[in-house]
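Peer 1: let's see this in three dimensions:
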Amino acid sequence: MPQALAAPPEHTTAPTRTSASEFTPLLRAVRDQGLLERRPGWYAAGITVNLLALAAVCAALVLYGESPWTLLLAVPLAVFSARTGFIAHDAGHAQIAARRRTNHLLQIVHANLLLGMSQEWWNDKHNRHHANPNHVDKDPDVAPDVLVFARHHADGRTGLRGWLTRHQAWLFFPLTTLEGLALKVYGFQAVFTGRARRGTRGARFAEGGLLVAHVAGYATLLLATMPVGQALLFALIHQMLLGLHLGMAFAPNHKGMAMPGEDGADDNWGHLRRQVLTSRNIRGGAVTDWLLGGLNYQIEHHLFPSMPRPHLRLAQPLVRDHCRRLGIPYTETGAVDSYRQVLGHLHAVGEPLRTAP
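Peer 2: Numbers count the residues shown, from 1 in each chain. Next comes the predicted model:
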């Protein structure tokens, strides 16, 4: 196995403390610096630019759709579709506006209408993730599915699932190309099969209507501007690149970090340790911030989910220094090394199945 897929070292964790007193001084310092205050102007500018970029791509498809060169437009469309997803994510965390209704409207427009993803399904899943990040039994993001992230979840997997687990480190990036489609499928299933039970019937009807409108609008745009075969190819490239982009933004944040419920990680950590010890930050500058939608500050985002995205980098020195004073490991690495650690963890999880007689 290449060195790039070597298993990452075991995580060092400090002695457990469950008292909220560890987090309180940090919360006070962050609040005193105004880092929890909303930045509606910043978001208004970002949303406007993103909508204009999406409109420009659509206009280019209308003008030049029949040219085979328009397939290249799937690349910027995937990039700005991912930006749309990041905006929906931030609205779901109430980062954008003070009023709950405003955040809801922004999220449902960006998630359901523009991306084809159910905001109710996403919120339910994502809130459970934030409450218990990387917990083997409570975090839906590490529940066993096509990929397996906990060693005991790999036990007894046979047939196709067993084969996938044995080779999941090699399959990880190819499988992320399906993430854009998976978000749509899971959302449609939740809304139209009754799994989404929160909210009023009218709210679920509106959400389902926007999902259908997304699919209808997307199909109409492509089929009206290019031949059927080219439209299908364009959609395939767009959705695969979108999935890859989203997968590369979300995967480095927790995979390969401490997993409460396994490996001796403590189920009784307080908020500070539960969020810091299970999360990984990605180093970088403005380009990294933009490409990863601020999720490269995963530790700060998990500690303060409602903190506006532009404030995360400002909170980082406070969080890092606070963790240093308490002796709590603060994990930060480069993008390439983060993917190496993720792949190494996936490789290690599948090891027992590869060595089984």
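Peer 1: residues making contact with stretch 151-160?
Peer 2: Stretch 151-160 has contacts (C-beta atoms under 8 Å, 6 or more residues apart in numbering) with 136, 144, 148, 165, 262, 348, 349, 350, 352, 353. No exception for glycine: its C-beta is placed from N, CA and C like everyone else's.
Peer 1: what comes up buried for that stretch?
Peer 2: 151, 153, 154, 157 (16 or more other C-beta atoms under 10 Å).
Peer 1: same question, stretch 324-341
Peer 2: Residues of stretch 324-341 classed as buried: 326, 328, 330, 331, 332, 333, 335, 338, 339, 340, 341 (neighbour count, 16+ other C-beta under 10 Å).
Peer 1: and what of stretch 136-145?
Peer 2: 136, 138, 139, 141, 142.
Peer 1: switch the residues you listed over to CSV; also include pLDDT, distance to residue 103 and secondary structure.
Peer 2: Formatted as CSV, those follow (pLDDT from 0 to 100; distance: C-beta to C-beta, whole Å; DSSP: H, G, I helix; E, B strand; the rest coil):
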residue, pLDDT, distance to residue 103, secondary structure
136, 90, 31, coil
138, 92, 25, coil
139, 93, 23, coil
141, 92, 22, helix
142, 91, 27, helix
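Peer 1: closest to residue 53 among those residues?
Peer 2: residue 141 (28.8 Å; C-beta to C-beta).
Peer 1: I figured that closest one hits residue 251, correct?
Peer 2: No. Using C-beta atoms under 8 Å, residue 141 is not in contact with residue 251, being 9.9 Å away.
Peer 1: mutual contacts of those two, please.
Peer 2: In contact with both residue 141 and residue 251: no residue, using C-beta under 8 Å, 6+ apart.
Peer 1: how close does residue 256 get to residue 111?
Peer 2: 28 Å (C-beta to C-beta, to the nearest Å).
Peer 1: looking at the two, which one has more neighbours?
Peer 2: Shown here are residue 256 and residue 111; by other C-beta atoms under 10 Å, residue 111 has more neighbours (30 against 25).
Peer 1: over to that one. Which of the three states is it?
Peer 2: Secondary structure, DSSP: H, G, I helix; E, B strand; the rest coil: residue 111 is helix.
Peer 1: could you pick out which of the buried residues of stretch 151-160 are located in helices?
Peer 2: Among those, DSSP state H puts 151, 153, 154 in helices.
Peer 1: tally of neighbours for residue 277?
Peer 2: Residue 277 has 27 nearby residues by other C-beta under 10 Å.
Peer 1: so it sits against residue 259, correct?
Peer 2: No. Residue 277 is beyond contact range of residue 259, at 9.9 Å (criterion: C-beta under 8 Å).
Peer 1: low pLDDT regions in this structure?
Peer 2: Judged against pLDDT under 70, the low-scoring parts of the chain cover residues 1-20, 194-200, 263-267, 357.
Peer 1: restrict the helix or strand hosting residue 106 to CA atoms and write it as CSV.
Peer 2: Element membership of residue 106 [criterion: DSSP states H and E] is helix 100-108. Extracted C-alpha coordinates of helix 100-108, given in CSV (Å, rounded to 0.1, in the frame of the first residue of the first chain):
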residue,chain,number,x,y,z
ARG,A,100,-35.2,32.8,12.1
ARG,A,101,-37.6,33.3,9.2
THR,A,102,-35.1,35.1,7.1
ASN,A,103,-32.5,32.3,7.6
HIS,A,104,-35.2,29.8,6.7
LEU,A,105,-36.1,31.6,3.5
LEU,A,106,-32.5,31.9,2.5
GLN,A,107,-31.8,28.3,3.1
ILE,A,108,-34.9,26.9,1.4
